[in-house]
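**Q** no sequence for this one, just the structure:
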């Protein structure tokens with residue numbers, strides 16, 4: 001076997017160098033994230049982020065060239081009060097709703113709005 005063969009064979013035995021990943025999120029002028037990449041980066045407005053931020057990009061937006069978590073709480077609350085009608089629950093456990101009234105101890109809660 002020739003020396004060329006052995007040289008080529010030895011190149012196959014060299015350890016593979018893992019690719020260096022740079023996590024990027026691309027955004028538009030309003031700060032909305034438009035795309036993500038970790039390799040073969042495209043030109044455009046981007047931020048380098050952590051892998052966790054990259055995986056959860058939909059929870060963020062860009063404000064003043066910084067990644068900011070979106071407050072997704074709708075601030076919609078319904079308060080329930082004890083009542084003689086409304087939602088049937090297990091007595092002492094307002095979070096356990098009853099569909100049929102065969103339970104021995106029942107309380108009712110109605111909306112307060």
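**A** Arrived safely, thanks for sending. None of the values given here were measured: they were computed from a predicted structure.
**Q** where exactly do the strands run in this structure?
**A** Counting by DSSP state E, the chain has strands at residues 24-27, 33-37, 46-48, 60-63, 66-69, 80-83, 87-90, 93-97, 106-111.
**Q** right, so those: which one is the most enclosed?
**A** strand 24-27 (a mean of 20; mean count of other C-beta atoms under 10 Å). For glycine as for every other residue, the C-beta is placed from the backbone atoms N, C-alpha and C.
**Q** Would you give the sheet partners of that one, along with the direction of each?
**A** Applying DSSP bridges to the sheet, strand 24-27 is found paired with strand 33-37 (antiparallel), strand 46-48 (antiparallel).
**Q** between the ones you listed, which gets nearest to residue 71?
**A** strand 33-37 (15.8 Å; C-beta to C-beta).
**Q** And the chain, what are its domain boundaries?
**A** Using automatic domain parsing, the domains assigned to the chain come out as 3-69, 80-111.
**Q** least reliable of the ones you listed going by mean pLDDT?
**A** With a mean of 80, domain 80-111 has the lowest mean pLDDT of the domains of the chain.
**Q** and it, how far out from the chain's middle?
**A** Relative to its chain's centre, domain 80-111 lies at 35 Å (C-alpha atoms, centre = their mean, to the nearest Å).
**Q** Dump the strands of the chain into CSV; add distance to residue 15 as well.
**A** As requested, the strands of the chain are exported to CSV (distance: least, C-beta to C-beta, whole Å):
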stretch, distance to residue 15
strand 24-27, 27
strand 33-37, 26
strand 46-48, 27
strand 60-63, 36
strand 66-69, 35
strand 80-83, 63
strand 87-90, 63
strand 93-97, 57
strand 106-111, 65
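**Q** In contact with residue 80, which residues?
**A** Residues in contact with residue 80 (C-beta atoms under 8 Å, 6 or more residues apart in numbering) are 86, 87, 94, 109, 110, 111, 112.
**Q** separation between residue 97 and residue 79?
**A** 16 Å (C-beta to C-beta, to the nearest Å).
**Q** Could you do residue 31 as well?
**A** Residue 31 is 35 Å from residue 79, by C-beta to C-beta.
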